[in-house]
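Visitor: need the 3D shape of this:
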Amino acid sequence: MIRRVMYALALTVVTTLLYLAAATAVGIRLWLGEERGPARSTAIALAAAAVGTHIVVVFETTWVDAGLNFSFFSALSLVSFITSLGLVLASLRNRIEHLGVLLWPLSAMAVATTLLAGREPTIPRDPMLEVHIIISMTAYATLLAAVLQALILAALDYRLRHHRATGFVRRLPALRTMEKQLFWLLTVGFVALTVALGSGFLFFMERLLEGAMIHKTSLSIASWLAFGTLLLGHAVWGWRGQTAVRWTLAGFVALMLGYFGTKFVLELILQH
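Guide: Next up, the predicted model:
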């Protein structure tokens, strides 16, 4: 028992430090520039190593013997893992690693909190249910990446509007490129969220009719409508810039309140 606890602690510490090192490498590169900062491959390699150890943490904390543990901290760790994995893979072909400045410290925090997670199963194992959960977490992870992109885009847009394109802003991709990346993330996330909601209705229709998941379902649908409206507005009326940022944030807040907000209240405050 003691050996297993020490193993989990060591794995968590190593993963946390690797994420922080990757974020630091990206931050220094953005601040100092390509010539004086760490190589781009250094940050990606550190993040890849963090993802490699993080997946072990995920299996240790989520896929427990008798079922699946999707408590608040375990779910948070899984979402951060999927987001970080996606960012590492995307960075191999596209210059999108700047998101790591915000994402990888969050992933480090999510990994560290798994030490507070229990090891008891919260739901039974069911292959179809597991597919639904993975799709849902992928939707959350992709839309989390979209939010981080929106925040960086907002900072870039503000600095450009006020003629203050200095420092790290000059090392970011062009504004139009970042907007394309944002809407690509939003499209993928919206499709995944649509599938997740559809499969959720099939799996939990009985509980929905009982009103047991009314808050989570209502906020998830509100989020789906917000992201759908933004994508429609972008395609038909050319919405972009600060309008896109505001709709992205609104949709994400509703989504997070629907899932993690509900879990936080039930598990950590009411302790149900």
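Visitor: contacting residues around residue 231?
Guide: Residue 231 is in contact with 183, 186-187, 190, counting by Cβ atoms under 8 Å, 6 or more residues apart in numbering. Heads up, the C-betas are built off the backbone N, CA and C, glycines and all.
Visitor: take the residues you listed and keep only those in strands.
Guide: Counting by DSSP state E, no part of the contacts of residue 231 is found in strands.
Visitor: scan those and report the most crowded one.
Guide: Scoring the contacts of residue 231 on neighbours with other Cβ atoms under 10 Å, the highest-scoring entry is residue 186 at 26 neighbours.
Visitor: for it, give me the pLDDT.
Guide: Residue 186 carries a pLDDT value of 97.
Visitor: with adjacent residues omitted, what lies nearest to it?
Guide: residue 146 (5.0 Å; Cβ to Cβ, 6 or more residues apart in numbering).
Visitor: can you confirm the one you found is in a strand?
Guide: No: according to DSSP: H, G, I helix; E, B strand; the rest coil, the state of residue 146 is helix, so it is not within a strand.
Visitor: looks like it contacts residue 190 (just checking).
Guide: No: between residue 146 and residue 190 there is no contact, the gap being 9.3 Å when judged by Cβ atoms under 8 Å.
Visitor: rewinding a little: make JSON lines out of the contacts of residue 231 and add distance to residue 79.
Guide: Converted to JSON lines, these look like this (distance: Cβ to Cβ, whole Å):
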{"residue": "183", "distance to residue 79": "21"}
{"residue": "186", "distance to residue 79": "17"}
{"residue": "187", "distance to residue 79": "19"}
{"residue": "190", "distance to residue 79": "17"}
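Visitor: now the host helix or strand of residue 6: how far from the chain's centre is it?
Guide: Element membership for residue 6, per DSSP states H and E: helix 2-32. Taking Cα atoms, centre = their mean, to the nearest Å, one finds helix 2-32 lying 17 Å from the centre of the chain it belongs to.
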